[in-house]
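1. Provided below are the primary sequence and the corresponding predicted coordinates.
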Amino acid sequence: MSKQIAIMGVGAAGSYIGAHLTREGYDVTLIDMWGKHVDAMQANGLHVTDALGEFTIPVKAIHLADAMQLNQQFDIAFLAVKSYDTEWAAHFLKRFVKKGGVVVDSQNCMNDRLVASIVGHDRVVGCIMSSITVALWEPGKVNRGGVHGRDRGYDVFRVGELHGRITPRVEEIVEMMSCVDASKATTNLWGERWSKLTTNASGNPVGAMMGEGGQTIAANPDARRIQINICKESCQVALAQNYVVENIRGITAETFSRADDGEVYEELDSKFMPTGGSGPDWKSSMGQDVTKGRHTEVEFMNGYISQQGRVAGVPTPINDAIVQVVSEIDAGTRTPGPENVELVLELAAMR
C-alpha cells in the first residue's frame, strides 16, 4: 500500500471511494474545487453513511488552487470530475502522474478516448461504477443508498483496459476497489460503458427534468415510457456500431432494441415499475445537480447517444427531446416539474 493515489474531483462518488481507500490504509490525496467541502474534510474528516453503518475518517484534502503547488507525483490518479470538466482536468492531472503511472477514468459517460488523447493511451484504465447511488448534500458528508453489491452477488466496479486485455495494473486496481465494494476485471470496457451510459441516460435526466426521485418516476407510466425509449434508442445506436453491450437491468441490449414490439414493451415496463420498497426516494446525480443549481451532464449522456445516432443513421427522437428540455433547465428558461414528461413525448413525436 505504499503507492501514492490521487482522486481528482471529490464529489459524491470520489468522496465515497476516497474515504474507503483511506480507511483501508492507502495513501490518498483528495483534490476538489468545492471550497466548503475541502474545508470540512480538512477540519473534521470525511463522514460516510451507508447500509453497513457509518464512519468518519481523517483524509488528506487539498483545494484545487493549492494543488497547483504540489511537487509530488502519483502512481495512480482517479479522474472523477463531471464530464464537462474532463478536458481541463485531464490536462491538469497529467503532470502529477508518474512515468509508468496510470489515470483511472472513473467518470460517467464515454470520456476514455478524450482522457487518453491528453494523458496518453498507454496511461489510461477505465473504471465503471455500476448500480451505485451516492449523494453529497452537505460538505464533508457522503451518503450511499441501497444494498452493497457484494451482498447481492453483484460487481459494482468493472475495471478494464481500452484495448480489452486483462493486465496486472487492472488486477491491482480491481483488488484496490474491492475494499469499497465488489469489483471485477472486464475485457469489454466499451460494452460496459454503453450499458452504464444507457442506465444513466434513462434515469438521470428524467428525474432531473421532473424534479423527482426514482420511486416517483417509476410510478408514472409516461415517465417509464420515456425511460424505455431512451434505452431502446441507445441500444439501437450501440448495436448498429457493433458494440457488445452488457445487460441493462438484467435485460439484453437486443431486447431493448425491440421495445416497439408490444409484448417486449410490457416485459420491459415491468422492470421499470415501482419495487414496493419503503426506502428514501433518491434523486439521481443529475437531479442533485439541478437541485443545487449546477450544470448537468445531459450533453454527454443523451447528447452523446443522439450524436452517435446521427453517425450510425439511427433516429433518436426521445434522446433529442430530453437534451432540449434539460438544456433549457440548465439555461434557466425552464423549471423542473412533472409537466416536462408530456413535453418530451410531444417534442419527440414532432421529430
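-> Sure thing, it's come through. Numbers count the residues shown, from 1 in each chain.
2. Could you list the buried residues of stretch 337-351?
-> Neighbour-count burial for stretch 337-351 flags 340, 341, 343, 344, 345, 347, 348 (criterion: 16 or more other Cβ atoms under 10 Å). The C-beta positions use only the backbone N, C-alpha and C, and glycine is treated the same way.
3. where's residue 288 relative to residue 46, distance?
-> Going from residue 288 to residue 46 by Cβ to Cβ, to the nearest Å gives 18 Å.
4. which of those two has more neighbours?
-> Set residue 288 next to residue 46 and count neighbours by other Cβ atoms under 10 Å: residue 46 wins out with 25 against 21.
5. How much space separates residue 127 from residue 159?
-> 5 Å.
6. Spit out the residues that contact these two alike.
-> 104, 173, 177 (Cβ atoms under 8 Å, 6 or more residues apart in numbering).
7. And stretch 113-130, what's buried?
-> For stretch 113-130, burial by neighbour count (16+ other Cβ under 10 Å) applies to 114-116, 118-119, 123-130.
8. Nearest the geometric middle of the protein, what residue?
-> residue 108 (3.2 Å; Cα atoms, centre = their mean).
9. pretty sure that residue contacts residue 297?
-> Yes - between residue 108 and residue 297 a contact is recorded at 6.5 Å, counting by Cβ atoms under 8 Å.
10. Overlap of the contact sets of those two?
-> Common contacts of residue 108 and residue 297 (Cβ under 8 Å, 6+ apart): residue 83.
11. so how far is the longest strand seen in the chain from its chain's centroid?
-> Secondary structure assigned by DSSP state E gives strand 97-105 as the longest strand of the chain. Strand 97-105 has its C-alpha centroid displaced from the chain centroid by 21 Å (Cα atoms, centre = their mean, to the nearest Å).
12. Okay, buried residues for it please.
-> For strand 97-105, burial by neighbour count (16+ other Cβ under 10 Å) applies to 97, 101, 102, 103, 104, 105.
13. Measure how the longest helix belonging to the chain sits relative to strand 97-105, angle-wise.
-> Longest helix in the chain, counting residues (DSSP state H): helix 189-210. Here helix 189-210 runs at an angle of 60 degrees relative to strand 97-105 (axes from the mean of the first three to the mean of the last three Cα atoms, to 10 degrees).
14. Can I get helix 189-210 as CSV, trimmed to CA atoms?
-> Taking C-alpha atoms only, helix 189-210 is exported to CSV below (Å, rounded to 0.1, in the frame of the first residue of the first chain):
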residue,chain,number,x,y,z
LEU,A,189,-14.8,-1.9,-21.3
TRP,A,190,-16.8,-0.4,-24.2
GLY,A,191,-19.7,-2.7,-23.7
GLU,A,192,-19.8,-1.9,-20.0
ARG,A,193,-19.6,1.8,-20.8
TRP,A,194,-22.6,1.6,-23.2
SER,A,195,-24.6,-0.3,-20.6
LYS,A,196,-23.8,2.3,-17.9
LEU,A,197,-24.4,5.1,-20.3
THR,A,198,-27.8,3.7,-21.2
THR,A,199,-28.7,3.2,-17.5
ASN,A,200,-27.6,6.8,-16.6
ALA,A,201,-29.3,8.4,-19.7
SER,A,202,-32.6,6.7,-18.9
GLY,A,203,-32.6,7.6,-15.2
ASN,A,204,-30.6,10.8,-14.6
PRO,A,205,-32.3,13.3,-16.9
VAL,A,206,-35.9,12.1,-16.3
GLY,A,207,-35.5,12.6,-12.6
ALA,A,208,-33.8,16.0,-13.2
MET,A,209,-36.5,17.3,-15.5
MET,A,210,-39.3,16.2,-13.2
